[in-house]
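Enquirer: here's a sequence, model it:
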Amino acid sequence: MLCLLGLAGAWAAAPAVRLPTAKDLAVLFKPARIEQVALAPDGRHLAHTMRNGTLLTLVILDVDRPETKATITIGEDQTTGLWQRSVTISARVTYLRWISPDRLVYARSVPSGGQRPTRDEVYTVDSNGKNGRKLVDAEDLVELWSPPPPSEAPPVSIPRRPRVLGPQLDEPNFILVEALGGRSVHTELFKVDLRSGKFASASSETMEGRFLYDRQGRARIVETPWFRMPMSMRSRGGGGGGKGGGFRMQPEPTLIPQTYEHRPVTGAQRWADLDKLLGPDFALRFRVSIETHYGERSFPLAFDRDPNVLYFASNVGRNTFGLYALNLETRQRTSFAIESPEFDAAETTDAFSEAPLVFDRAHQLVGVRRGGPRAGTQWLDAGLAQLQQSFDAAFAGRTVEILDWADDRRRVLLLVSSESDAGRYFIHEGGTPGRLREFFRRAPGMPAEAEGAATPFEFDTPAGVHLRGVLTIPRQSRTSPPPLVVYCRDLPGRRTRPGVNREVQALSGMGFAVAQVDYRGAAGLGAQHRDAAKAGFDRIPIEDVRATVAWLAAQQRINPKRVALVGQGFGGFIALRAVQLHPKEFRCAVSINAPTDPGRWVRESLVPIAGGRTFPSLELEWRRAFFDGDHAQLAAIAVTRQLELLVNPVFVIQDADKRDLWESQGTRLRDALARRGAQSEYLEVTGDFTRGEPDARAKVFARIGGFLNEHIYDFGVNVGEAREVK
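Expert: Below you'll find the model as predicted:
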């Protein structure tokens, strides 16, 4: 099979490219200015967040007169010290929804500057920005907890963070707000009156876990914790009877399998194992352990308007995750099924989330967001499906996402984006003829002239492996055809999501064509594609990278003799290993926070936080479950095992404070290369870079640009001492 999706056929000769500076790149790496947008039910008002530097505001504007607007200050980012590190706590809007044509509800989480990192509150405001009122403050939700006997210590105030669930079904003047509890602290649900601001407890749950509520506000599913907390407590400091300055737990928490339990709407309120609902012959595996995390399993998503219908995702008996529905009362699967043989319709982090599903204001399911690298929505509502078809035709070659709509559908809010455009918000006006109005760009700071043109591709390798990816074409290049950088994915990582990759755009702005490929081992394309890499964690992905380069060279005017690799995480290891095994095909490699010795990496524990303490880590255990099947295989592929083969330049970038990657993964390779006199660079970065802070990210990618520019154009390698970049 051979499929080329709209790639341009040739480049004209271009002038020399000026490498972007860190200042240039800082603009590119800035977060999107607008993240959340909501259209009022009557279509007359639009609310959206607006970020200017460190300040976050909420803007409400009149759709007919956009110059008429109200601005509400949400908060400002703050940098503080945490565990002896400098950490930026961002102001966020965690909920934004119109409850009626003239009332907006929003929740904010802002830096507090006190002992608690954030202050969490829920507000309501009129459509003109007036009559703002605080509905819920986290301080209102504090619960007193008393240490168990024989302790004589005084009760401790335990904060509970509010989480807005949304309006109560058929009661538009009330919203439901959950106060998140924990061990020995109740999780409580409150019913809040938007008119008076009064709220009262609707239910309280003594069982520890995370709860999924139906549309009426009843807790129907509980996800039990991964951690078993120790029951024994002992005091800090001396003194018998528990006196002496507080308590700490002994021993450390331990990881245990996780289950989902359910209870009916009426009748007995005891929790029962959800996996036993259909009987032993139809188990859906609503439980997960470390060993089965990457196996066949199911997880709940959300409830329908009908309180007995539960939507869930499952890959039991399948290669990919599909979406289904289960009636908890009749104990029967419904006819609803959304499946793709190629893409996962959901990922495990979507548990207890409506992210894959689209509901209208009446809580009816009207669509499903498609999985896979190409965004889109499969509409169950015929009217929305017809609108989507017309929008796709109007914006051919771009992704059009219907975000919101007025109740009468005469106004529809759209986000139009591509792999090289963060997106523009439009409102479609119904009528004859209809019209589209652009309101704002999602990331207006991104310079349009620096955006490379990105287009998806797919093909079959000579070995019969079907691969997909995205090729980003530079607007200017030092040479024609331009050199190619392959951006290597982490394994197994998260599934590919469509949209702008700012790091790829940065490399494209340096004059390089950039290819991203979902090679075997990557998540999101089903278990078979993901698990195929276990036959050779280095060999299999590298085979796919080489096949991609060969295919692109045959189909496009890229220079196959000037190819470099850049990767983060396990993708960084693949980049190093590929240039080690195939030095004639790849000129140089950049690895970012990469395990250079995978065998050692899966055995290493977390780096202790302040005080020398570590806690069990799910991510660490999942890593071991995926990679640790064959110790000998992992040990054999360490980059340092065949150091004599690493003759081309490499640039190793390492966050020395990263808790899940020991610093020695980078320094061992650096020191070994220095002893051999190999040409290499090493850069120690801080957590600011790893967390994606724009200035830190820009400085490092400016260094990467200099390294690639120096080595991708000159095939001759001058051997010299390894140098550490300061």
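
Enquirer: from the chain's centroid, how far away is the helix or strand that contains residue 157?
Expert: Using DSSP states H and E, residue 157 sits in strand 156-158. Distance of strand 156-158 from the chain centroid (C-alpha atoms, centre = their mean, to the nearest Å) equals 32 Å.

Enquirer: next SSE after that strand?
Expert: strand 162-168.

Enquirer: that next one pairs with which strands?
Expert: strand 171-179 (antiparallel) (DSSP bridges).

Enquirer: next structured bit after the strand it pairs with?
Expert: Remark: after strand 171-179, the chain's next helix or strand is strand 187-193, criterion DSSP H and E.

Enquirer: which residues sit against that next one?
Expert: Residues from elsewhere that reach strand 187-193 (C-beta atoms under 8 Å, 6 or more residues apart in numbering): 122, 135-136, 141, 160, 165, 168, 173-181, 198-205, 211, 213, 217, 219. C-betas here are computed from N, CA, C, even on glycine.

Enquirer: what about it, average pLDDT?
Expert: In this model, strand 187-193 has a mean pLDDT of 93.

Enquirer: how deep is residue 508 tucked in, by neighbour count?
Expert: Using other C-beta atoms under 10 Å, residue 508 has 26 other residues around it.

Enquirer: over to it: give its phi and psi.
Expert: Main-chain torsions, residue 508, degrees, to the nearest 10: phi -60, psi -40.

Enquirer: and it, how close does it get to residue 474?
Expert: Using C-beta to C-beta, to the nearest Å, residue 508 is found at 5 Å from residue 474.

Enquirer: shared neighbours, the two?
Expert: residue 452.

Enquirer: just the element for residue 706, please.
Expert: Judged by DSSP H and E, residue 706 forms part of helix 694-711.

Enquirer: so who does the residue nearest in space to the middle of the chain touch?
Expert: Nearest residue to the geometric centre of the chain (C-alpha atoms, centre = their mean): residue 494, 7.3 Å. By C-beta under 8 Å, 6+ apart, the contact set of residue 494 is 347, 349, 523, 524.

Enquirer: from the residues you listed, pick the one nearest residue 418.
Expert: For the contacts of residue 494, the residue nearest residue 418 by C-beta to C-beta is residue 524; the value is 19.4 Å.

Enquirer: residues near residue 116, how many?
Expert: Residue 116 has 13 nearby residues by other C-beta under 10 Å.

Enquirer: can you give me the helices for the stretch 301-450 of the chain?
Expert: Taking DSSP state H, counting those that start in this stretch as the test, the helices found in the stretch 301-450 of the chain are 382-394.

Enquirer: show me the shaky parts of it.
Expert: By pLDDT under 70, the low-scoring segments of the stretch 301-450 of the chain are 372-374, 432, 445-450.

Enquirer: mind doing that once more with 80?
Expert: Scanning the stretch 301-450 of the chain with the threshold set as pLDDT under 80 gives 371-375, 431-434, 444-450.

Enquirer: which SS state does the residue nearest to the centre of the chain fall under?
Expert: With DSSP: H, G, I helix; E, B strand; the rest coil as the basis, residue 494 sits in coil.

Enquirer: so what would you say the end-to-end distance of stretch 516-523 is?
Expert: The first and final residues of stretch 516-523 sit 14 Å from each other (C-alpha to C-alpha, to the nearest Å).

Enquirer: name the residues of that stretch that are buried.
Expert: Buried residues in stretch 516-523, counted by 16 or more other C-beta atoms under 10 Å: 516, 517, 518, 519, 520, 521, 522, 523.

Enquirer: what about the residues you listed, which are in strands?
Expert: 516, 517 (DSSP state E).

Enquirer: in CSV, list the buried residues of stretch 516-523 along with pLDDT.
Expert: What follows is those, written out as CSV (pLDDT from 0 to 100):
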residue, pLDDT
516, 95
517, 96
518, 95
519, 97
520, 97
521, 96
522, 95
523, 94
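
Enquirer: residue 580: which of the buried residues of stretch 516-523 is nearest?
Expert: For the buried residues of stretch 516-523, the nearest to residue 580 is residue 519 (17.1 Å; C-beta to C-beta).

Enquirer: and the closest residue to that closest one other than its chain neighbours, what's its pLDDT?
Expert: Excluding the flanking residues, the one nearest residue 519 by C-beta to C-beta, 6 or more residues apart in numbering is residue 544, at 3.5 Å. We have a pLDDT of 98 for residue 544.

Enquirer: hang on, residue 542 in a helix?
Expert: Yes. According to three-state DSSP, residue 542 belongs to a helix.

Enquirer: which SSE is the closest residue to it other than its chain neighbours in?
Expert: Counting by C-beta to C-beta, 6+ apart, residue 578 is the residue found nearest to residue 542 once chain neighbours are left out, at 4.7 Å. Element membership for residue 578 (DSSP H and E) is helix 570-581.

Enquirer: okay, the residue nearest to the centre of the chain: pLDDT?
Expert: The model's pLDDT for residue 494 equals 85.

Enquirer: repeat that for residue 6.
Expert: For residue 6, the predicted pLDDT is 38.

Enquirer: returning to what we had before: who are the packing partners of the helix holding residue 578?
Expert: Under the contact criterion of 3 or more C-beta pairs under 8 Å, 6 or more residues apart in numbering; DSSP states H and E, helix 570-581 touches strand 483-488, helix 539-555, strand 559-568, strand 588-592, strand 650-655.

Enquirer: end-to-end on stretch 96-106?
Expert: End-to-end for stretch 96-106, by C-alpha to C-alpha: 4 Å.

Enquirer: returning to that earlier point: out of the buried residues of stretch 516-523, which is nearest to residue 413?
Expert: Comparing these against residue 413 with C-beta to C-beta places residue 516 closest, at 29.3 Å.

Enquirer: quick check, that closest one in contact with residue 487.
Expert: Yes. Taking contacts as C-beta atoms under 8 Å, residue 516 lies within contact range of residue 487: 4.9 Å.

Enquirer: common neighbours of the two, please.
Expert: 501, 504.

Enquirer: quick one, domains of this structure?
Expert: 2-7+15-26+446-607+638-725, 34-146+153-206 (automatic domain parsing).

Enquirer: most tightly packed of those domains?
Expert: Counting by mean count of other C-beta atoms under 10 Å, domain 2-7+15-26+446-607+638-725 has the highest mean neighbour count of the domains of the chain, with a mean of 20.

Enquirer: fine, thanks again, bye for now.
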